[in-house]
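Student: Predicted model and sequence follow; I will ask about them next.
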Amino acid sequence: MGTMGNDEGGRTAVTVVGLGLMGRALAAALLRAGHRTTVWNRTASKADELLAEGALFAPSVHDAVTAAPLVVFCVSDHDALHDLLAPLDGAALDGHTLVNLTSGTPAQARETAAWAAARGAAYLDGGIMATPQEVGTPAAHVVVCGPRQALEPHRPVLSALAGGTTHLGEDHGLVALHEMAVMALMWSTLNGFLQGAALLGAAGVDAGAFVPYARQGAEAVTGWLADHARQIDAGGYPVLDATLGTHLTSMRNLVLESEALGVSTELPRLVAGFADRAVAGGHGGDSYAALIEEFRNPAPGRPGAPRSEQPEE
Ligand code: FVH
């Protein structure tokens, strides 16, 4: 299958392995940008539209990898990625740059990086911050981590995928960790919305009627993040708008009202628990950012606390 590098027309060669919703969007954007795009997918029929647009179909993952210096992987998960990589040896991988846009954990990314390095391949762990529909538009953004010198030669090709490509650092775990941090924020925000919708629902108010207020609340919180980050990085928590003690009073009211309405008190109790411990630890007059200490150093016996501090089971 093809030789590594540019073709006679000077088009840069690139390979996409994995043609799911995201992979197909990636390959289509690379084709639109004029790159000599080779594709492979376990279910070959998903390549049909791309072939019609000029993509080249590799009969095997080996042929796909050897067809281009830059190989983009975008499959379901880490196990799928290793199903595909495992049969490949140094002869196939040596000198290639693998960019993995599959979601995973920091440990999986570092493990794959070591596996690739042992076979002469440079590995960049990455994330495409976009929906498939946004790929190839300025709304999309690519973040990568790993050796910067592995990224720089391929920036022009990666620019076909998104409005920008940000290098987060040399540690191969950084993208996965950032993705997890953002998902922690997203899930907590959505859980808060669901708690509010359940409360209002118990009083006969539709979730739709809650949305304007929820949006206003989410936008307010977004505006507070920079000040909270500055306090966290500085290690000082002078009160900004309301003390942690004031927040705790309202948190306790939320627990009581949830209980009175027969709505789950699990999340309100969790939230109040963090503040309770921080106030007991002397942060009652500080800003909300003081709670970071509860997250960084889980109290003895709390989930995540060092084993040695866990109570005997
Ligand atoms: N879709 C999105 O908006 C998000 C945006 C942020 C990043 N995620 C991550 O991207 C990875 C792929 O997501 P996807 O949406 O493309 O996923 P699917 O449409 O389900 O396609 C999955 C592809 O993976 C192939 N595959 C799965 N298991 C195997 C395996 N054991 N061996 C080989 N290939 C495998 C699957 O092949 P097929 O079913 O078509 O034969 C698809 O090509 C993902 O990590 C998201 O978290 C997307």
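Tutor: Here it is on my side, so go on.
Student: When you work out contacts or count neighbours from here on, use the C-alpha atoms and nothing else.
Tutor: Noted.
Student: Spell out which parts of the stretch 51-200 of the chain neighbour the ligand.
Tutor: Residues of the stretch 51-200 of the chain found near the ligand (Cα under 6 Å from any ligand atom) are 74-77, 80, 83, 102-103, 128-132.
Student: One more pass at 5 Å, please.
Tutor: Contact residues, the stretch 51-200 of the chain versus the ligand (Cα under 5 Å from any ligand atom): V75, S76, D77, A80, T102, S103, T131.
Student: Can you convert the residues you listed into JSON lines and add a column each for neighbour count and pLDDT?
Tutor: Converted to JSON lines, these look like this (neighbours: other Cα atoms under 10 Å; pLDDT from 0 to 100):
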{"residue": "V75", "neighbour count": "23", "pLDDT": "98"}
{"residue": "S76", "neighbour count": "15", "pLDDT": "97"}
{"residue": "D77", "neighbour count": "14", "pLDDT": "96"}
{"residue": "A80", "neighbour count": "13", "pLDDT": "97"}
{"residue": "T102", "neighbour count": "24", "pLDDT": "96"}
{"residue": "S103", "neighbour count": "21", "pLDDT": "94"}
{"residue": "T131", "neighbour count": "12", "pLDDT": "96"}
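Student: biggest separation within those, which pair?
Tutor: The most widely separated members of these are A80 and T131, with 20.7 Å between them, by Cα to Cα.
Student: In the stretch 51-200 of the chain, where is pLDDT below threshold?
Tutor: Along the stretch 51-200 of the chain, no part satisfies pLDDT under 70.
Student: Helices along that one, start to end?
Tutor: 61-66, 78-85, 90-93, 106-117, 148-151, 155-158, 174-202 (DSSP state H, counting those that start in this stretch).
Student: So for E312, what's the pLDDT?
Tutor: Model confidence at E312, given as pLDDT, is 61.
Student: what residue is smack in the middle of the chain?
Tutor: The centre of the chain sits closest to E179, judged by Cα atoms, centre = their mean, with a distance of 2.1 Å.
Student: Phi first, then psi, for V16.
Tutor: When read as degrees, to the nearest 10, the backbone of V16 gives phi -120, psi 120.
Student: Pretty sure it sits against V72.
Tutor: Yes. Checked against Cα atoms under 8 Å, the pair V16 and V72 is within contact range at 4.8 Å.
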